[in-house]
Structures are given as C-alpha cells and as structure tokens.
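Colleague: fold the following.
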Amino acid sequence: MTEVRRTRRHDPHRRDRLIDAALQVIAEKGVAATTHREIARAADVPLGSMTYHFESLDEVLAEAFTRHANAAADVFDQRLGAATDRDSAIEAVITLIRDDLIGSPNDLVMAVELYVAAARNPALRAVTQAWMQRSRDALERHFDPATAREVDALIEGLVLHSVLSTDPMTPDQIRHAVERFLR
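Modeller: From the prediction side, this is the model:
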C-alpha cells in the first residue's frame with residue numbers, strides 16, 4: 001500500500017487575499033452578486049477557504065468594507081493632518097473630494113455599495129458609523145464638531161451626487177460648494 005502524502009500549501013496571507021478579492025467582486029458585480037464562490041474564484045483559492053477563514057458571507061462583507069472605509073479614513077487623516085490652518089484645511093477638503101473620493105470610479109462604486117448594504121445590515125451600519133466618526137475626527141482638527149459633521153455630510157452628498165448624476169458637479173462647482181459653506 002502506497003501512502004499518499006498531501007502537502008498543505010503554506011499561504012499565510014490567504015485571508016487578506018480573500019478580503020481583497022471580496023472588494024474586487026463587490027466593485028465589479030455589487031454586493032447582491034457577491035458570493036463565497038465568486039470571492040474564492042477571484043482569489044484563485046478553493047471554495048473551502050471561505051468557510052475556513054470566515055464564519056459567514058456577512059463577516060467577509062464587514063471585513064472588506066471595513067478595509068475600504070479605513071483606507072478612505074486614512075486619506076482624510078493625511079489630507080487634513082497636513083493642513084496647517086483653516087484655509088489649507090478648506091483646500092484639503094476640496095482636494096479630498098475632487099481627487100480622492102470622486103477621482104476614483106472604483107471607490108465611488110464601493111461607497112455606494114456600502115451605503116446601500118448598510119441600510120439593510122446593522123453590522124455594516126457600524127462600519128459606516130466608524131468611518132463617519134474617523135472622518136469627523138479628522139475634520140475637527142480644523143472645524144468645530146457641528147461644522148465637521150455638516151461638512152462630512154456635504155462630502156458624502158457630493159460623492160453620491162457624482163455617482164448618481166448624469167451631470168455631476170465640476171471641480172469648480174465643488175470648490176464653490178465647499179468654500180460657500182466653510183468661508
């Protein structure tokens with residue numbers, strides 16, 4: 001009798017690759033079409049890897065959206081952290097909207113997918129709440145808490161408008177909206 005020895009492939013980053021693959025699938029197909037099978041296919045791993053690393057699809061979605069939200073919040077931190085006064089903070093907000101949030105079609109789709117999914121899933125609502133809090137914290141370096149919350153809502157509205165409008169605001173219109181509110 002010949003002993004068949006299976007070698008287990010060491011893949012310490014598989015879980016992270018699955019989360020990245022989930023983000024890719026969400027961006028390409030939307031949350032509604034995101035399945036364990038699609039994520040495993042995108043990550044080029046066996047389907048069983050999904051249930052090995054995650055208890056549910058909701059867990060995968062929460063981790064994927066958390067990764068996306070943290071990356072966006074990091075950009076808020078960087079842009080507003082570099083601002084030295086109110087005027088440079090206003091410029092940072094304009095650049096953040098124009099270049100970082102609206103400038104990436106993939107990020108726009110991810111934001112809308114997260115908003116829609118969070119409207120139905122309390123676990124994802126917690127992800128959006130944490131993202132909003134980090135955004136506001138960054139804004140509060142330069143603006144009072146009420147203004148930071150209002151600017152955060154303005155930013156979110158401008159992002160949604162850019163995704164959904166057939167005639168989105170131009171960079172000059174975005175500048176005008178932010179300056180009108182903050183000056």
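Colleague: correct me if wrong: A40 contacts T51.
Modeller: No: the pair A40 / T51 is not scored as a contact, 9.8 Å apart, by Cβ atoms under 8 Å. Bear in mind the C-beta positions are built from the backbone N, C-alpha and C, glycine included.
Colleague: tell me what the lowest-mean-pLDDT helix or strand in the chain is packed against?
Modeller: Sorting the helices and strands of the chain by mean pLDDT, DSSP states H and E puts helix 105-120 at the bottom, at a mean of 92. The helices and strands touching helix 105-120, judged by 3 or more Cβ pairs under 8 Å, 6 or more residues apart in numbering; DSSP states H and E, are helix 14-29, helix 57-82, helix 122-139, helix 145-164.
Colleague: adding distance to V109 and mean pLDDT, write the ones you listed out as TSV.
Modeller: As requested, the helices and strands packed on helix 105-120 are exported to TSV (distance: least, Cβ to Cβ, whole Å; pLDDT from 0 to 100):
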stretch	distance to V109	mean pLDDT
helix 14-29	5	97
helix 57-82	10	97
helix 122-139	16	96
helix 145-164	7	95
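Colleague: which of those helices sits closest to I97?
Modeller: Evaluated over those, closeness to I97 peaks at helix 145-164, with 5.5 Å, by Cβ to Cβ.
Colleague: between that closest one and helix 57-82, how many degrees?
Modeller: Helix 145-164 runs at 120 degrees relative to helix 57-82, counting by axes from the mean of the first three to the mean of the last three Cα atoms, to 10 degrees.
Colleague: run through who's touching the helix or strand that helix 145-164 is followed by.
Modeller: The first helix or strand that comes after helix 145-164 along the chain, using DSSP states H and E, is helix 171-182. With contact meaning Cβ atoms under 8 Å, 6 or more residues apart in numbering, helix 171-182 is reached by 86, 90, 93-94, 97-98, 102, 143, 147, 150-151, 154, 158, 169.
Colleague: and the angle from helix 171-182 to helix 145-164?
Modeller: Orientation check (the same axes, to 10 degrees): helix 171-182 against helix 145-164 gives 160 degrees.
Colleague: buried residues of helix 171-182, list them for me.
Modeller: Within helix 171-182, the residues that count as buried by 16 or more other Cβ atoms under 10 Å are I174, R175, A177, V178, L182.
Colleague: buried sites along stretch 77-96?
Modeller: Using 16+ other Cβ under 10 Å as the test for burial, stretch 77-96 gives R79, L80, A83, A89, I90, E91, A92, V93, I94, T95, L96.
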